[in-house]
Every structure is written in C-alpha cells, then in structure tokens.
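Student: Pasting the sequence and the predicted model now:
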Amino acid sequence: MKYTGNAGFSHHQADKIGVLITNLGTPQAPTKGALKPYLKEFLSDPRVVEVPRLIWWFILNGIILNIRPKRSAEAYASVWSEQGSPLMVHTKAQAEALAKRCEREFGDDVIVDFAMRYGEPAVSKVIERMLSTGVRKLLVVPLYPQYSASTVGSTFDAIAADFQQRRWLPDFRFVSHYHDRPGYIKAVAETIRQHWEINGQAEKLILSYHGVPRRYLDNGDPYHCECLKTSRLIAEELGLENSQYMTTFQSRFGREEWLKPYTDETLKALPAEGVKSVQVVCPGFSADCLETIEEIGEENREYFMDAGGERYEYIPALNSEPAHISMLFDLVKENLHGWQADSDVELRAQLAKKHGCPR
Ligand SMILES: C=CC1=C(C)c2cc3[nH]c(cc4nc(cc5[nH]c(cc1n2)c(C)c5CCC(=O)O)C(CCC(=O)O)=C4C)c(C)c3C=C
Ligand SMILES: [Fe+2]
Ligand SMILES: [Fe+2]
C-alpha cells in the first residue's frame, strides 16, 4: 500500500488550523444527465439506503436511475438561479462569511473552506487542498443541526475513507450535531419572530424536518429525538403552547414507513380540522435547497390550499443570516479551544540553519 500526500512538503511551511464546513451536495446542473451521476453516488451510499447491497444495486440501477433523474431535474430547474443550485449558493456564502469572521478573530492562522458529501467540491479534494496549504489541525462541521447516520455519519465515512489513504493525518475534531445549542435555537426563533412582526402569527407553526425510514429510529438513530428536542426548545423560546405547533417529517423516498407524521398528509388534513392558516419552518436545513424551496414552498402549499387552507407561509432557512454566522462562529471557536497554529516562519529559518530541520 502506498499512502498519498505531502511528497512535496515544504519543511518551512507554517502550520495552520482548518475549519471545514460541509453539506449534502447538489447536482452540477438541473438536467437529467447531471442528476444521474449525482443520484447514483448519493443513493449508493449504504448510510443513506440501508438495504442489502445486491438487491439495492438492481433496484437502483434497474428502476430508480431510469426514472428519477428526469423528474428530479425538472424540480431542480424550478429552483435553479443564475448563480446555480440554491444549496451551493448558500453554502458558499456561509463559508465566505464564516471565513471573514474567523479572519477578524484569528488572522491567517485559521483557514475556512467548504465541501459537499456528494458531487463537488468533494470532501477529499478540499481536505487535500487544506492539508497542502499547511493545515495540521482540522475541525469539520457538517451543517446538519440534528445527528443522523445518513447525513453526519456518512460525512464522517467520507473523511475516514480519505484519511485511510493518507500518510500524514492532521489532529482532527468533528461536530456531530448542534440541535439544542442555545445560539441555534435563538437564531431560528428570531427568524420566526421577525416573520411574525411583518406578517402576523398564523394559527399553527409547522416545524418540518427531512424524514428518514422509521426503521433507522428503531435501530437506534437519535435523529427523531433530536428533531423533537429542537422543536420543543424553539417552541419554549417563542412561548408557544403544545397546540400551537407541530413537528412533521417531509421528503419521503421509497415505499417503507418513514418518520411520522408526514408533512404532506398533515397539511392536507389540517383545514378539515379547522386550521386555515399555517407557517412552515424547516429547522433541520441550514440552507434553503430543493427540499425547502420546491417541496415546502410550492408543493405543500398547493396541498394545503387545495384542501381548504386560506393562508400558507414558508419561513426561510437561516442561510447566511448574520445570526446564523455568529452562531456557527461561536460553535467553531468553542471547538477550536486549546488549538494553536504555528506560523513562526522566521523561527523555522533559524532552526533550519542551526540543526538541519526547521521543526
Ligand atoms: C437534512 C437532513 C437530511 C436527511 C436526514 C436526509 C435523508 C435522506 N434523503 C434521501 C433522499 C434524497 N434527498 C434528496 C435531497 C436532499 N436531502 C437533504 C437532506 C437530508 N436528507 C438535502 C439538503 C437535499 C437537497 C439537495 C439539493 O440539491 O438541494 C434527494 C435528491 C432530490 C430528489 O431527487 O428528490 C434524494 C433522492 C434519503 C433516501 C434519505 C434517507 C436517509
Ligand atoms: Fe434527503
Ligand atoms: Fe424519539
């Protein structure tokens, strides 16, 4: 086995601290041709679809990848902007804003970058770039507030797979969730409060999270509990009674049972129960994407209005709002505690002269 990396390592290079934020990933273009490789990579991940590999290979390659790319491409086309996919645009902006905030606090000792679990920029390419610029301590923050093996666990797998190939590993820290962090709860609550100030309060607040198969919860994934806790804390922060809010799960995929109650079925049923106005917020998404803009902003609005609803509002994700960046900065700062960069290049030059190596 030949391990990769650092062949051209400059012994004088300053040691840096790296902060890598990640999200799920998105296709390169809203086309069938771009959706196929993206969905293939995503849905081949055993953390995402926990079905015996051989059976799944036939279902994925024989059925899903022949049907879904076209349908998904149409949905992506409806949210795509000139700058690209919303998830990519927001994640880039988040990384830039966080980098600025870190530069103000830490100077050039800390480098901030972003990667996507599927597609580009790939985790291993970004890690390679960071390590080659001198990062010897790496903090990774997947931008999923709630832990799920299918998202956070899978991001860890991608990093571990990269590290398995590498000769020189950095010090490593990993944030596995932040679903109950006061700064995060307050930031989400504040966007809801601001929405109320402008639009008034609807009869019910729906907190809709991406679902996972119910089986994952039964097998020990804490995602469901973390979503419910996030909702409870946001409701407490807003002073809501139990009857004023609801947690639901969206984006079902495949035929098995997923976490319930389902967002779409709930919104179809609420008008008949006398709830005619709702506001929907998605606290499991750190950035707006297909699943919030199209599914919550458009598709579910139609379900609710067609069922007799009168008012439906989607409250956007935190994206690169200053409160979100501040919260992420605090999370990063806390997790960098005790780490120091070593950027004294002059000292290195003296040491090199004196004992033959700058270290
Ligand atoms: C926020 C947490 C997410 C969890 C948990 C999650 C689980 C999960 N997702 C699928 C299948 C699909 N998800 C798709 C899009 C998508 N999913 C998330 C987040 C979570 N997924 C995001 C942020 C996005 C949007 C990406 C974007 O480009 O905007 C898609 C692709 C779109 C489509 O074809 O519908 C699929 C497929 C499964 C099976 C799953 C189970 C654990
Ligand atoms: Fe998903
Ligand atoms: Fe639970």
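Tutor: Alright, I've got the coordinates. Ligands and ions are numbered 1, 2, ... in the order given.

Student: give me the residue from this protein nearest ligand 3.
Tutor: Closest to ligand 3 within the chain is residue 225: 3.5 Å, counting by C-beta to the ion. Bear in mind the C-beta positions are built from the backbone N, C-alpha and C, glycine included.

Student: Could you pull out the buried residues of stretch 123-139?
Tutor: 123-124, 126-128, 130-131, 134-139 (16 or more other C-beta atoms under 10 Å).

Student: Tell me how far that stretch lies from the chain's centre.
Tutor: Centroid separation between stretch 123-139 and its chain, computed with C-alpha atoms, centre = their mean, to the nearest Å, is 19 Å.

Student: Can you dump the C-alpha atoms of it in PDB for me?
Tutor: Provided in PDB are the C-alpha atoms of stretch 123-139 (Å, rounded to 0.1, in the frame of the first residue of the first chain):
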ATOM      1  CA  VAL A 123     -14.600  16.200   0.600                       C
ATOM      2  CA  SER A 124     -11.300  14.500  -0.300                       C
ATOM      3  CA  LYS A 125     -10.300  17.200  -2.800                       C
ATOM      4  CA  VAL A 126     -10.900  20.000  -0.200                       C
ATOM      5  CA  ILE A 127      -9.100  18.100   2.500                       C
ATOM      6  CA  GLU A 128      -6.100  17.700   0.100                       C
ATOM      7  CA  ARG A 129      -6.100  21.400  -0.600                       C
ATOM      8  CA  MET A 130      -6.300  22.400   3.000                       C
ATOM      9  CA  LEU A 131      -3.500  20.000   4.100                       C
ATOM     10  CA  SER A 132      -1.300  21.100   1.300                       C
ATOM     11  CA  THR A 133      -1.600  24.700   2.500                       C
ATOM     12  CA  GLY A 134      -0.400  23.700   5.900                       C
ATOM     13  CA  VAL A 135      -3.400  22.600   7.800                       C
ATOM     14  CA  ARG A 136      -2.300  20.300  10.600                       C
ATOM     15  CA  LYS A 137      -5.400  20.600  12.800                       C
ATOM     16  CA  LEU A 138      -8.700  20.100  11.200                       C
ATOM     17  CA  LEU A 139     -12.200  20.800  12.500                       C
END
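
Student: Which residues does it contact?
Tutor: For stretch 123-139, contacts defined as C-beta atoms under 8 Å, 6 or more residues apart in numbering pick out 5-6, 13-20, 22, 111, 113-117, 155, 158-159, 161-162, 166, 168, 170-175, 332, 335-336, 339, 341-342.

Student: From those residues, list just the buried residues.
Tutor: Of the members of these, the ones counted as buried by neighbours, 16+ other C-beta under 10 Å, are 5, 14-20, 22, 111, 113-117, 155, 158-159, 162, 166, 170, 175, 332, 335-336, 341-342.

Student: Could you give the number of residues near the residue of the chain closest to ligand 3?
Tutor: Residue 225 sits with 13 neighbouring residues when counted by other C-beta atoms under 10 Å.

Student: Mind jotting down where the helices sit in this structure?
Tutor: Here the chain has its helices, by DSSP state H, at 32-43, 53-59, 65-79, 86-106, 123-132, 154-164, 182-199, 214-218, 223-238, 263-269, 290-293, 300-306, 322-335, 345-355.

Student: in stretch 69-87, what counts as buried?
Tutor: Neighbour-count burial for stretch 69-87 flags 69, 72-73, 75-76, 79-80, 85-87 (criterion: 16+ other C-beta under 10 Å).

Student: and what of stretch 56-73?
Tutor: 56, 60, 64-65, 68-69, 72-73.

Student: And for stretch 312-319?
Tutor: 312, 314-319.

Student: Ok, stretch 317-333 next?
Tutor: Buried residues in stretch 317-333, counted by 16+ other C-beta under 10 Å: 317-321, 323-332.

Student: how about the residues of the stretch 51-200 of the chain near ligand 1?
Tutor: Neighbours of ligand 1 within the stretch 51-200 of the chain, by C-beta under 6 Å from any ligand atom: 68, 72, 85, 87, 144, 148, 150-151.

Student: Please tabulate the helices of the chain in JSON lines and include mean pLDDT as additional columns.
Tutor: Formatted as JSON lines, the helices of the chain follow (pLDDT from 0 to 100):
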{"stretch": "helix 32-43", "mean pLDDT": "98"}
{"stretch": "helix 53-59", "mean pLDDT": "98"}
{"stretch": "helix 65-79", "mean pLDDT": "98"}
{"stretch": "helix 86-106", "mean pLDDT": "98"}
{"stretch": "helix 123-132", "mean pLDDT": "96"}
{"stretch": "helix 154-164", "mean pLDDT": "98"}
{"stretch": "helix 182-199", "mean pLDDT": "98"}
{"stretch": "helix 214-218", "mean pLDDT": "98"}
{"stretch": "helix 223-238", "mean pLDDT": "98"}
{"stretch": "helix 263-269", "mean pLDDT": "98"}
{"stretch": "helix 290-293", "mean pLDDT": "98"}
{"stretch": "helix 300-306", "mean pLDDT": "98"}
{"stretch": "helix 322-335", "mean pLDDT": "98"}
{"stretch": "helix 345-355", "mean pLDDT": "85"}
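
Student: quick one: which of these is nearest residue 251?
Tutor: Ranking the helices of the chain by their distance to residue 251 (criterion: C-beta to C-beta) puts helix 290-293 first, at 5.2 Å.

Student: Only C-alpha atoms, please: export the closest one in CSV.
Tutor: These are the backbone C-alpha positions of helix 290-293, laid out as CSV (Å, rounded to 0.1, in the frame of the first residue of the first chain):
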residue,chain,number,x,y,z
LEU,A,290,-34.7,21.8,-3.3
GLU,A,291,-36.4,20.2,-0.3
THR,A,292,-37.4,23.6,1.2
ILE,A,293,-38.0,25.9,-1.8
